[in-house]
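**Student:** Here is a sequence with its predicted model. Questions after.
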Amino acid sequence: MTTAPVIPTIPADTRTRILDLAEGLLLERGFNAFSYQHLAKELGVKPAAIHYHYPSKDDLGMAIVARQLRRLRKWRDLPRVADLPPVAQFEALLAVYDTHLGHERRVCLFGALAADFRTLPAPMQAELRTFNRELTEWLAQVLAVGRATGTLRFVGSPAAKAAQVLITLAGALQVARVHDETPFQVIVGQLRLELLT
């Protein structure tokens, strides 16, 4: 008779704590720049405890992106966002990026993973594409309604403008990491100047 391996006992919310810590490290360092050793040391457990909840780093990466996708869907459907007029929805999006800036100038999920994209497992790549597509589609709809109601202005298609805005915001966070918050605020100010009527 064999005995089951002993898994270190840690609080029930361990999965969430692992996910939170891994997400923080991903946004701070990138996906390839942290290991289960980093997580285990920070949580005060053995790496086996991490593997128990997330057998591989690929599983952990998928969980991070999947959780971000769930957060996006929940956020965009909240009445305090969904029921707003287009300009206020746009400002709500800017506030999300401003929150990243306030967390020690962390980059956004897309910005953090884009550099590592070719080394990510295929399911994680697919989930990141879904996240980016849904965010772009949501913003494109906001922009389209804003232009139709005369509260937002831009040339070209709403989808192209949405992609440009999101790439600009991701880049603004990268620039803020190199310098300070000033370039980010200048870039956001320019977006407002160009889009708001």
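**Tutor:** Sure thing, it's come through. Residues are numbered from 1 along each chain as shown.

**Student:** what about the nearest residue to residue 84 once chain neighbours are set aside, helix or strand, and which?
**Tutor:** In this structure, residue 84 finds its nearest non-sequential neighbour in residue 92, 6.5 Å apart by CB to CB, 6 or more residues apart in numbering. For the C-beta atoms, the positions are set from N, CA and C on the backbone; glycine is no exception. Here residue 92, judged by DSSP states H and E, is contained in helix 86-102.

**Student:** Who are the packing partners of that helix?
**Tutor:** The contact analysis (3 or more CB pairs under 8 Å, 6 or more residues apart in numbering; DSSP states H and E) places helix 86-102 against helix 79-82, helix 122-148, helix 158-178, helix 181-195.

**Student:** Let's have these in TSV, adding mean pLDDT, distance to residue 24 and mean neighbour count.
**Tutor:** Below are the helices and strands packed on helix 86-102 laid out as TSV (pLDDT from 0 to 100; distance: least, CB to CB, whole Å; neighbours: other CB atoms under 10 Å):
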stretch	mean pLDDT	distance to residue 24	mean neighbour count
helix 79-82	94	24	12
helix 122-148	97	17	18
helix 158-178	95	15	18
helix 181-195	95	19	14
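
**Student:** tell me the angle of the helix holding residue 92 relative to helix 158-178?
**Tutor:** Compare the direction of helix 86-102 with that of helix 158-178 by axes from the mean of the first three to the mean of the last three CA atoms, to 10 degrees and you get 30 degrees.

**Student:** buried residues in helix 86-102?
**Tutor:** Across helix 86-102, burial judged by 16 or more other CB atoms under 10 Å covers 86, 87, 89, 90, 92, 93, 97, 98, 100, 101.

**Student:** Turn the helices and strands packed on helix 86-102 into a markdown table, including distance to residue 47.
**Tutor:** Formatted as a markdown table, those follow (distance: least, CB to CB, whole Å):
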| stretch | distance to residue 47 |
| --- | --- |
| helix 79-82 | 39 |
| helix 122-148 | 20 |
| helix 158-178 | 29 |
| helix 181-195 | 37 |
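
**Student:** Those: which one's closest to residue 71?
**Tutor:** Shortest distance between residue 71 and these, using CB to CB, is found for helix 122-148: 9.6 Å.

**Student:** which is the next helix or strand following the helix holding residue 92?
**Tutor:** Later in the chain than helix 86-102, the nearest helix or strand by DSSP H and E is helix 109-114.

**Student:** Average pLDDT for that next one, rounded please.
**Tutor:** Mean per-residue pLDDT for helix 109-114: 90.
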